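Asker: here's a sequence, model it:
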Amino acid sequence: MTSLSVYLEQEGYDHFEGIRKLTEEDSLSDPEDNPFKSKYAARNILKSMIEKVGEIVTGSEDDLQIGIVGLLQLKLGENFAECEELSTGEEHIKKCVTILEPFCLKSTLANLYQTSLNELGILWSQRRNYNKAFDYLQKSEIHYREFKHEVGNNPVMMSELSKPPHEDEQLNKKRESNFEDTYTHTLYYFAQVYAKLDEPKKAAEYCHVTLKRQLITMQYDALDWSLNAATLSQYYMQNNRFSMARHCLASASFIFQELGEIKDENSCETEEEWQKFEKKAQAKADICRCWIKYAMALMEVSRDRLTEEELDLDQDVKDLNINYDKQEATHENGADEISVHDYKKSDLTFDIELTFHEEAITDKWLLDLDDARKVFLQAQTWSNNAKVFYKLDGHCSDYIEIIQDQSKLYKFLTFFDPDLERQCKMHKRRIDILSECLKELSPQFYLLVCRQLMFEIAETYSTMVDTKTAIIEASGERPSGHALKKINTLISQSISQYDNYLQSLKAGQSDFPETFSDDNLRPALIAMFYLGRLHSKYIELDPLKNMKNIKASLDHYQFIVKYCHRNPMASEKVSAELEICKEMVELLPLKLDKLRAATA
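Answerer: Numbering: from 1, shown residues only. Next comes the predicted model:
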């Protein structure tokens, strides 16, 4: 022991510091053609230390000797992993685990053992073997629990082994914080692994507890924490857990404020300042986009619930989190499902004053236009804030998605508005913002997005046709020539956009492909179906024009029937529409015959 202590004091601790500097500082300046230059230098020092310590240590079970031997193997393993040599990295980290395992509950070695298990979990995640990563993280979690239960004190920090001993009145507090922080990292890695294993509920649970622990210990980066909280909200939102989703988003907005105001981009004088500005501005925009998704989901779910015949409004006015206790208190549990499930519903809320942010939008069902309008207007504010960063020039795809979200917000709002004229105006606004976007895009580079926009514009024009027709029918009066002309114009505009969409599927050829791709199959056949429907909606007094429109309808319905006959699997994609098409293929020829007879 004395010999090892002397070695560490004379040169070992200096070597550890040199390794740290090479790995954490010097490596940042390594040339592009030799990106691991500093880490290779650190590796050489580690190897020489392992050789030297091997000469000194002779099978003793002294905690310091075991700790130094294990630490060197861990650091060498990390070095190989960071240099993208994962197999060798795994080999050395497993050596560390093997050395420490018989002594893992000793205070000097517990944190080192815990960290080495975490590192193996990370390494196997990098290899995309998430089941193995899970196994190591689970061992780390169980180790934390066993140490807390059986030993109970605060273990020596791993970093203490590589530095000379010194007096520190705060040492015990630092050890406690370090041990808990290492466990928080275990939970964080667990969340990522569960996500990769397609277990979103458990991923959300571990992510939530990680954020909670970071907040309690004040061990967090404000930007990363706020983005993770905003992302977590999307899980709750997708499961109609709007109260908790709003809580996470409000917490994200609150913590993001700790970063201060975002300076003007023109005031950035260095590349570093510009990168910080861009990262911060993007994070703000991303949080706004999560709020937009929340608003959209709340409007959509409220709409869907109001269309259910058995809806009990008195019950559903209650908080959307009504079933939270039943859902979250029931776990699959068992001995393996530990620690994170100790948190009850009340524990999962973040201890932050969020009234200002939570009052911006409700977490209750929307029941009428007034409720929906408030959500809509707030979502518009978030949309405009998000577009400050995500501009068409530079962030095209993101900008378009925000525009599409705005269109959906108008669409959801129309459901709550009983005024058909206002509905038409909102649909017209949708068309305007989508069309403005479409004309700025090159189909050569953004073909998929152009197709989406053309389809939605066509669909919106078609909705306006139905709404204008309903206005005429509701009036009970003879429609004016202007009103009929307006309906026919809307039909033509819808047909034009559907035609543009379908033409894009021909890929420069004169005819459609024999089979549409899986992604295009249903949209293409639905476009054909709507074209058949639209041509039959033209209001014409001229029998010849009527016959022409009916013939066009028949052609589109026949296309669908023939396509599904050639490709039987397609029938499953449009089963309801196909039945209508078959009926129309039988009825429309009879209608044409009657018109011909009448005009003969």
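
Asker: low-confidence ranges, the chain, go.
Answerer: Low-confidence regions of the chain, defined by pLDDT under 70, span residues 1-2, 59-60, 309-346, 600.

Asker: pull the longest helix from it.
Answerer: If you go by DSSP state H, the chain has its longest helix at helix 271-306.

Asker: which strands and helices sit next to that helix?
Answerer: Here helix 271-306 touches helix 222-238, helix 242-256, helix 369-389, helix 396-416, going by 3 or more CB pairs under 8 Å, 6 or more residues apart in numbering; DSSP states H and E. C-beta here means a position set from N, CA and C on the backbone, and glycine is covered the same way.

Asker: and the second one, how far out from the chain middle?
Answerer: Right, helix 242-256. Taking the mean C-alpha point of helix 242-256 and that of its whole chain, the gap between them comes to 15 Å (CA atoms, centre = their mean, to the nearest Å).

Asker: which one of the helices and strands packed on helix 271-306 is the most hemmed in?
Answerer: helix 242-256 (a mean of 24; mean count of other CB atoms under 10 Å).

Asker: what lies in contact with that helix?
Answerer: Contacts of helix 242-256 from elsewhere in the structure, counted by CB atoms under 8 Å, 6 or more residues apart in numbering, are 208, 215, 220, 222-223, 225-227, 229-230, 232-234, 236-237, 283-284, 287, 290-291, 294, 297-298, 301, 319-321, 324, 348-350, 352-354, 357-358, 360-361, 363.

Asker: switch the helices and strands packed on helix 271-306 over to a markdown table; also include distance to L71.
Answerer: Output for these, formatted as a markdown table (distance: least, CB to CB, whole Å):
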| stretch | distance to L71 |
| --- | --- |
| helix 222-238 | 28 |
| helix 242-256 | 35 |
| helix 369-389 | 44 |
| helix 396-416 | 45 |
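
Asker: ok so, going back, residues of the longest helix of the chain that come out buried?
Answerer: Residues of helix 271-306 classed as buried under the neighbour-count rule (16 or more other CB atoms under 10 Å) are 276-277, 280-303, 305-306.

Asker: repeat for stretch 430-447
Answerer: R430, I431, L434, S435, C437, L438, L441, Y446.

Asker: ok, those residues vs K148, which is closest?
Answerer: Taking CB to CB as the measure, K148 lies nearest Y446 of the buried residues of stretch 430-447, at 54.5 Å.

Asker: that closest one and F415, how far apart?
Answerer: With distances taken as CB to CB, to the nearest Å, Y446 is found 30 Å from F415.

Asker: does K506 touch E514 like I think?
Answerer: No. No contact is recorded between K506 and E514 when judged using CB atoms under 8 Å, the distance being 12.0 Å.

Asker: of these two, which one has the most company?
Answerer: Per other CB atoms under 10 Å, whichever of K506 and E514 has more neighbours is K506, with 11 against 8.

Asker: what's the neighbour count on the nearest residue to that one once chain neighbours are set aside?
Answerer: Leaving aside its sequence neighbours, K506 sits nearest to F512 (CB to CB, 6 or more residues apart in numbering; 5.9 Å). Number of residues near F512 (other CB under 10 Å) recorded here: 16.

Asker: residue contacts, the residue nearest to the spatial centre of the chain?
Answerer: The central residue of the chain, meaning the one whose C-alpha is nearest the mean C-alpha position (CA atoms, centre = their mean), is T231 at 5.9 Å. Under the criterion of CB under 8 Å, 6+ apart, the neighbours of T231 are C290.
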